[in-house]
Structures are given as C-alpha cells and as structure tokens.
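Chemist: Test case, fold it:
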Amino acid sequence: MEVVGYISLFFVGLVLGTLGGGGSILSVPILVYLFSIDAVMASAYSLFIVGTTSLVGTFLKLNVQMVNLRVGITFGLPSLITIFSTRKWLIPAIPEVILQTESIIITKRFLIIGLFAVLMILASLTLIRKRKESQSEQEYSGPYLMGVGALTGVLTGLVGAGGGFLIIPALVYFAKMGFKTAVGTTLLIITVNSLFGFMGDVINYQINWYFLFSVTVLAIVGIVVGTHLAVNVSNQTLRCFFGWLVLGIGTLILAKELLV
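Modeler: Below you'll find the predicted structure:
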C-alpha cells in the first residue's frame with residue numbers, strides 16, 4: 001500500500017499543476033488510508049507537501065502571467081492569520097472524544113475528516129454549476145474578499161488542507177476571475193497559508209522529516225508536469241473536471257467515515 005501511496009503523491013502534484021487545487025483533498029486521504037498516519041498528523045504533513053509543491057507551481061505560473069498578486073495579497077493575508085491561529089491553538093484544544101453516548105461517538109478524527117468531506121462537496125457544486133466566465137478580473141470588493149479569506153483560513157486550518165478546493169471557487173465567484181488565473185493566484189495563497197500553518201504544527205508535533213521530504217519531491221515532479229499539461233486546456237474544461245473530482249472524492253470520504 002505504501003508503494004501505491006508514493007505513486008499517488010506524484011499525482012497530487014500533477015493535479016495541483018493542472019487544476020491549482022485538489023492537492024490536499026488527495027494527500028490527506030493518501031496519508032491516512034495508504035500510509036496509516038493519524039488524521040491530525042496527516043493534515044500537518046499535507047500542509048507541508050502542498051505548500052512546498054505550490055511554491056514551485058507559483059513560480060511556474062508567474063512566468064506565464066497567470067497570478068493576480070493584488071487579489072492574492074487581499075485574500076491571502078487574512079487567511080494567513082486565521083490558519084496559523086487555528087493550527088497553533090484551536091486544533092490542539094479539541095479533545096480526542098468530542099461527544100460520547102451509548103449509541104454515538106464523535107471523535108476528533110471524525111470531525112476533521114467529516115468536515116473535510118462536507119466542505120469538498122459544497123465547494124464542488126459552485127464549480128460544476130455553469131456560469132459565464134467574467135471578462136474582468138477587477139470586479140471584487142476588497143473588504144468582502146478579506147472576510148472570505150479569513151473564513152477560508154479557519155476552515156483550511158481545521159482540515160489541514162492547502163485550501164485550493166475552497167479558494168478557487170471563492171476567487172471565481174467573488175473576484176470574478178477566469179479559471180486559469182484563479183489557479184495561479186490560488187497556488188500563491190496556498191503556498192503562504194500551508195507553510196505558515198505548518199509552522200504551528202512544527203511547534204506541537206514530532207515531524208518525520210525524511211518521510212516528508214521524500215514524498216514532497218514526488219509531488220514537485222508532478223506539479224511541473226501538470227503545469228505544462230494545463231496550457232492547452234480551456235478554462236471551462238478545467239473547472240468542470242476539478243468540480244467533479246472534488247465532488248467524487250468528498251462523497252467517497254464521507255461515505256467511508258459514516259459507514260465505519
């Protein structure tokens with residue numbers, strides 16, 4: 001299973017390079033189910049893998065002018081603060097058993113993975129639903145976008161995800177971006193959010209650096225390949241594919257957690 005896991009992490013980078021998100025929705029299940037890593041630690045490792053890989057992807061997208069720095073800063077700074085705070089203080093404060101009765105047990109693991117799946121399903125619907133691509137990339141409200149960024153940071157911190165599956169729909173819907181520019185801008189935001197969120201985990205947990213670096217290298221190779229593949233694919237095609245991918249994986253994870 002671990003061999004399959006290593007191969008799968010190459011595809012994490014491939015999906016990030018092609019779609020600008022989805023790295024965390026793949027890496028967290030891979031780490032939990034194929035490497036048998038605890039859900040909380042898997043979410044921490046996911047932040048490093050996705051953040052480092054997205055950093056490489058950001059430079060690649062900058063070279064083709066597919067990153068909106070203004071929106072990235074407006075959205076990213078509030079989310080940076082909230083994701084670090086969530087990882088540093090909120091996650092450690094959640095008890096291992098949140099609720100226990102004779103018939104129901106709600107654990108910390110179920111909360112994290114379950115919330116993860118529900119957010120994926122909701123976010124996917126905004127991308128699958130057909131809408132006309134905006135011709136302007138400046139039609140957004142700064143304060144409103146900052147608020148959305150802060151909320152996204154909290155949710156990203158809770159599930160240990162880079163947040164692409166939340167950030168891309170937010171940028172497409174609120175910032176009126178074309179999908180490809182939203183992808184590049186999202187990679188920038190993911191880089192900052194993920195790596196700063198991981199800093200909170202370094203303080204709280206013992207990290208297996210050898211394992212983490214080895215799987216991250218595979219993901220970086222994947223994002224380089226994925227970035228080149230995405231050049232000749234249309235906005236609408238990428239957006240719909242990403243939406244259905246998120247919906248499918250979110251549904252599978254939720255079903256597995258509810259049936260276990």
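Chemist: Check whether the residue lying farthest from the centre of the chain sits in a helix, strand or coil.
Modeler: In terms of distance from the mean C-alpha position of the chain, Glu102 ranks first, at 35.4 Å (C-alpha atoms, centre = their mean). At Glu102 the chain is in coil, as set by DSSP: H, G, I helix; E, B strand; the rest coil.
Chemist: Run through who's touching the worst-scoring helix or strand of the chain on mean pLDDT.
Modeler: For the chain, counting by mean pLDDT, DSSP states H and E, helix 23-29 ranks last in confidence among helices and strands (a mean of 77). If you take C-beta atoms under 8 Å, 6 or more residues apart in numbering as the criterion, helix 23-29 is touched by 8-9, 11-13, 15-16, 39, 42-43, 45-47, 49-50, 53-54, 113, 116, 120, 159-165, 190, 219, 245-246, 249-250, 253. In this view, the C-beta of every residue, glycine as well, is placed from N, C-alpha and C.
Chemist: dump the residue contacts of Val148.
Modeler: Phe75, Ala170, Phe174.
Chemist: Show me the shaky parts of the stretch 51-200 of the chain.
Modeler: 130-141, 160-162 (pLDDT under 70).
Chemist: What ranges does the stretch 51-200 of the chain have for its helices?
Modeler: Using DSSP state H, counting those that start in this stretch, the helices of the stretch 51-200 of the chain run over 69-85, 91-93, 108-128, 142-159, 164-174, 179-204.
Chemist: I'd like to know which of these is closest to Phe213.
Modeler: Nearest of the helices of the stretch 51-200 of the chain to Phe213, taken as C-beta to C-beta: helix 179-204 at 13.1 Å.
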